[in-house]
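>>> Here is a sequence with its predicted model. Questions after.
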Amino acid sequence: YIWPKAMDGLYRDAAIPVPKTANPAFFERLPEFLKKSLNRVRWHWRFDTPEKFQRMVKGYYRMISGVDSALGRIMAELERLGLAEDTVVLLTSDNGYFLGERGFAGKWLLYEPSIRVPLIVLDPRSPLRGVKLKQMALNVDIAPTLLDLAGVEIPKTMQGMSLAPLLHGRSVKWRKDFFCEHLFEHPLIPKSEGVRTERWKYIRYFEQRPVYEELYDLATDKYEERNLAGDPRFSAILNALRRRCDQLRDLYGLSLIHI
């Protein structure tokens with residue numbers, strides 16, 4: 001990880017806590033195709049000893065702190081130019097990142113550390129300063145939000161929803177779930193698709209034979225430690241999410257033949 005020189009030495013004396021699911025027992029429970037994935041290959045590059053974990057994560061945090069410092073300079077310049085009260089600032093990222101969870105590094109898979117991204121919006125007109133909203137926002141919401149804030153009509157072909165009403169405290173009908181998929185062609189990255197609701201996460205690796213499925217109750221298991229897909233007590237939820245995944249895949253996803 002390459003950080004700005006101004007961040008040299010930052011976190012040097014800190015002890016970075018190891019993620020709960022970095023315990024080798026979580027890796028051992030994985031199916032073989034995930035144990036051999038690129039996520040595991042990159043784990044060996046970055047996190048396979050305690051010393052390497054500390055060095056790498058501190059470097060990663062220094063990079064993030066460099067972004068924070070640069071954003072601070074941008075905000076100060078907006079103030080100096082008298083534009084701060086006429087500028088909406090939106091901070092987000094492209095993907096989440098495994099820092100040893102499940103014995104992985106990188107992203108690509110549909111677990112929470114990989115698919116969650118930061119989203120911070122500062123709108124000087126909003127009455128909701130410092131408020132964390134509970135609605136699920138997606139990366140596809142960014143473009144319609146910016147168009148809406150700029151007073152430009154949102155094309156009907158856009159999948160996302162404008163966040164502007166939420167940012168200004170208005171009550172609107174909002175999504176209860178979303179579809180996600182990773183279809184990149186790579187021999188060590190298994191293709192996957194799934195549905196995340198406000199409570200549940202369903203994942204399936206549809207090219208595996210047999211298809212490998214995962215089901216997590218995020219209300220009671222936020223670290224996705226217990227795969228409930230094989231538990232008959234949750235078969236009704238599993239079947240409902242299978243159908244919902246099919247429905248959303250056919251509506252939004254790439255046309256694939258699933259056998």
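Yep, it's here.

>>> count of residues packed around E214?
22 (other C-beta atoms under 10 Å). The way it works is simple: take the backbone N, C-alpha and C, and place the C-beta from them, glycine included.

>>> Looks to me like it is in a strand.
Yes: with DSSP: H, G, I helix; E, B strand; the rest coil as the criterion, E214 is part of a strand.

>>> Give me the distance between K134 and K176.
12 Å (C-beta to C-beta, to the nearest Å).

>>> If you could redo that for A6, that was the one I meant.
44 Å.

>>> could you give me the average pLDDT of stretch 42-62?
For stretch 42-62, the mean pLDDT works out to 97.

>>> Outside of it itself, list whatever touches it.
1-4, 7-8, 10-12, 14-16, 18, 22, 97-100, 103-106 (C-beta atoms under 8 Å, 6 or more residues apart in numbering).

>>> ok, now with 7 Å
The contact list for stretch 42-62 (C-beta atoms under 7 Å, 6 or more residues apart in numbering) reads 1, 3, 7, 10-11, 16, 18, 99-100, 103-106.

>>> Okay, and which of these map to helices?
Per DSSP state H, helices hold no members of these.

>>> Check the residues you listed for burial and list the buried ones.
When these are checked for burial by 16 or more other C-beta atoms under 10 Å, the buried set is W3, M7, L10, Y11, I16, V18, L99, G100, G103, F104, A105, G106.

>>> what ranges do the strands span in the stretch 1-150 of the chain?
89-92, 98-99, 105-106, 119-122 (DSSP state E, counting those that start in this stretch).

>>> Mind listing the strands the third one pairs with, and their directions?
Put plainly, it is strand 105-106. Next to strand 105-106 in the sheet, as set by DSSP bridges, lie strand 98-99 (antiparallel).

>>> what mean pLDDT would you report for the partner strand?
Averaging pLDDT along strand 98-99 gives 97.

>>> outside of that strand, which residues touch it?
By C-beta under 7 Å, 6+ apart, strand 98-99 touches P19, N39, V57, F104, A105, G106, K107, P113, S114.
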